[in-house]
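>>> dropping the sequence and predicted coords here.
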Protein chains: 2
Amino acid sequence: MMPKLIDGRAIAERVYAELRDEIVSLKSRGATPGLAVVLVGDDPPSRAYVRAKDKTCRELGLHSVKLELSATTTQAELLARVDELNRDEKIHGILVQSPPPPQIDEAAIIRALDPRKDVDGFHPLNVAKLALEDDTGFVPCTPLGCLRLLRETGIALSGANVVVLGRSMIVGKPMALLLMRKGIDATVTVIHSRTRNISESCRRADVIIAAIGRPHFVRTEFVREGATVIDVGINRVEDAGSERGYKLVGDVDFESVSKLAGAITPVPGGVGPMTIAMLMSNTIKACRQITSFQATKSG
Amino acid sequence: MMPKLIDGRAIAERVYAELRDEIVSLKSRGATPGLAVVLVGDDPPSRAYVRAKDKTCRELGLHSVKLELSATTTQAELLARVDELNRDEKIHGILVQSPPPPQIDEAAIIRALDPRKDVDGFHPLNVAKLALEDDTGFVPCTPLGCLRLLRETGIALSGANVVVLGRSMIVGKPMALLLMRKGIDATVTVIHSRTRNISESCRRADVIIAAIGRPHFVRTEFVREGATVIDVGINRVEDAGSERGYKLVGDVDFESVSKLAGAITPVPGGVGPMTIAMLMSNTIKACRQITSFQATKSG
């Protein structure tokens, strides 16, 4: 069986093509979607993410603000910046790059965000809207990207057995809530470190979404032939042969599982590009909602 | 196999015994927990529920306010009453009996509640706290009661396969979020009308929680021998032989399933009494939190 590689970069490009139409439409009515990304400290991977987000904004013609604050920024200083951004009419989406330094109470920062600008979907009101199936809320970008990847594979999600590996508030739980909602209608099982017989439960799945943060955790004995496998993991493992000394691998043992799966995402090039695409999509949704413009029928 | 009948009335009494200690402790410090139940209109089952809640409050020595408003109450009038109760220092819990008449926007009423007094756990901030595993929030009474019943059976929930039948915001979803949280650690599958092979999925469960609202939906072919079965359903079915012309039955075909199950709740006398007990427990928690008194070690 030849697995169908799910090409996250190509699908992200399709998303951008749809978003460009939206952006043209919004700009024609005087609204340019604006995203502010706040980085506290100088964690190298965080810097790289922030750069990528800023670059994508610029390529799409969005208004992009990149706020780089020192690693010694206090909670009060950060709250003051969030407050400014909440009131800034040119900004429709605000993201505070995670993880912040230890002196920052990240949950309090998230609660301080205007929920209408919380394009990461982590504010309690957006968490509730996801559970309550209220479409005006923001769904976290990674699960939203996974859903789009699944839709693009053409797999029927209604009634499908989906196993979500991992129960974090960034991926596992919102993914489960998203997939079980009416109109999507998947049958969702959430599996985690305490689950007994993990491989057996996974083998019953039509779709496996791996977000457990353990390199190559999902092996062939987890996967029914023909199942769809979405790999959210981005794990650094030592690699003496590489210049950086490490390489990035997913939660799925791609080499063996790809021989069995009906469709599978690679790492990198799968979920990663979709996460940024969904951030752009959420920013444009925020702009539409804040300015009360209706969505155009595009894509 | 002799099934162990899970006696909701007896377990509710144990909860009340614990709560009485809490109430004594709170009163000794000048705080009497107060619950306000608001009934709009005169739906007979709603009246019966409200009466039962009021009676239980009085038996426990809580301050109880029963507000009975006419069926023609407007949204503005109801919001004004909610606002009064939000500001009433003697009231720590507020519950607006569901369903209200059609002119009332129930979601807007719930959003208007002070979340610290939302003992039903339906306010978006409490929905979010459940998902975010924040123990200061309120969990809806029915799933909270089911969890207590499960704990009383002595079944190990960590790693257990739990199937939740139904995905409502009143029972199914909060039940799933509660059972998958850290420290409880069940492996949860949420099953609903679109699920394929429902009976097969249920047969793999160590615990089945039926909240699908269909009389006698769960039959023997759904249940593995020895499984624990919690029946949340309260369905009226015609019964020519009864004086009222109907009887109440659960979502589980008790007669046949009880021969197979390791433990099972009856209807009535299972989940029902626990729902009111958890309402009392939430009210006392609200009083403790609002008055900033610490819990006593009881029970």
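Arrived safely.
>>> what bits of chain A have low per-residue confidence?
Residues of chain A meeting the criterion pLDDT under 70: A:1-3, A:293-299.
>>> those residues of it touching chain B, which are they?
Residues of chain A found near chain B (C-beta under 8 Å from any C-beta of the partner chain) are A:124-125, A:127-129, A:131-132, A:158-159, A:161, A:167, A:169, A:173, A:176-177, A:180-181, A:185, A:187-192, A:194-196, A:201. C-beta here means a position set from N, CA and C on the backbone, and glycine is covered the same way.
>>> report the buried members of the residues you listed.
A:124-125, A:127-129, A:131-132, A:159, A:161, A:167, A:173, A:176-177, A:180-181, A:185, A:187-192, A:194-195, A:201 (16 or more other C-beta atoms under 10 Å in any protein chain shown).
>>> which ones among the residues you listed lie within helices?
Among those, the members found in helices (DSSP state H) are A:124, A:125, A:127, A:128, A:129, A:131, A:173, A:176, A:177, A:180, A:201.
>>> ok, which pair from those residues is furthest apart?
Using C-beta to C-beta, those span at most 32.8 Å, a distance reached by A:125 and A:201.
>>> which helix or strand contains residue A:247?
Using DSSP states H and E, residue A:247 sits within strand A:246-249.
>>> so which bits of that strand are buried?
A:248, A:249.
>>> residue A:170 is in contact with residue A:140, isn't it?
Yes. Using C-beta atoms under 8 Å, residue A:170 is in contact with residue A:140, at 6.0 Å.
>>> overlap in contacts of the two?
Taking C-beta atoms under 8 Å, 6 or more residues apart in numbering or on different chains as the criterion, residue A:170 and residue A:140 both touch residue A:122.
>>> thinking again about what came up before, what does the strand holding residue A:247 contact?
For strand A:246-249, the surrounding residues in contact (C-beta under 8 Å, 6+ apart) are A:215, A:216, A:233, A:234, A:235, A:236, A:237, A:238, A:239, A:267, A:268.
>>> give me the more crowded residue out of residue A:170 and residue A:140.
The neighbour comparison of residue A:170 against residue A:140 (other C-beta atoms under 10 Å in any protein chain shown) goes to residue A:140, with 27 against 18.
>>> stretch A:88-106: which residues count as buried?
By 16+ other C-beta under 10 Å, the buried positions in stretch A:88-106 come out as A:91, A:92, A:93, A:94, A:95, A:96, A:97, A:98, A:100, A:101, A:104, A:106.
>>> how far off centre is that stretch?
Mean-position distance between stretch A:88-106 and its chain equals 16 Å (C-alpha atoms, centre = their mean, to the nearest Å).
>>> using PDB, list the CA coordinates for it.
Only the C-alpha atoms of stretch A:88-106 are listed here, as PDB (Å, rounded to 0.1, in the frame of the first residue of the first chain):
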ATOM      1  CA  ASP A  88      -5.000  49.400  19.500                       C
ATOM      2  CA  GLU A  89      -7.600  49.600  16.700                       C
ATOM      3  CA  LYS A  90      -5.000  48.500  14.100                       C
ATOM      4  CA  ILE A  91      -4.500  45.200  15.900                       C
ATOM      5  CA  HIS A  92      -7.100  42.400  15.600                       C
ATOM      6  CA  GLY A  93      -5.000  39.500  16.800                       C
ATOM      7  CA  ILE A  94      -2.600  39.300  19.800                       C
ATOM      8  CA  LEU A  95      -0.300  36.400  20.600                       C
ATOM      9  CA  VAL A  96       2.100  36.200  23.400                       C
ATOM     10  CA  GLN A  97       4.700  33.600  22.500                       C
ATOM     11  CA  SER A  98       5.000  30.700  24.800                       C
ATOM     12  CA  PRO A  99       6.800  29.900  27.000                       C
ATOM     13  CA  PRO A 100       7.500  33.200  28.700                       C
ATOM     14  CA  PRO A 101      10.300  33.600  31.300                       C
ATOM     15  CA  PRO A 102       9.500  32.200  34.800                       C
ATOM     16  CA  GLN A 103       8.600  35.600  36.400                       C
ATOM     17  CA  ILE A 104       5.600  35.800  34.100                       C
ATOM     18  CA  ASP A 105       2.200  34.300  35.100                       C
ATOM     19  CA  GLU A 106       1.200  33.100  31.600                       C
END
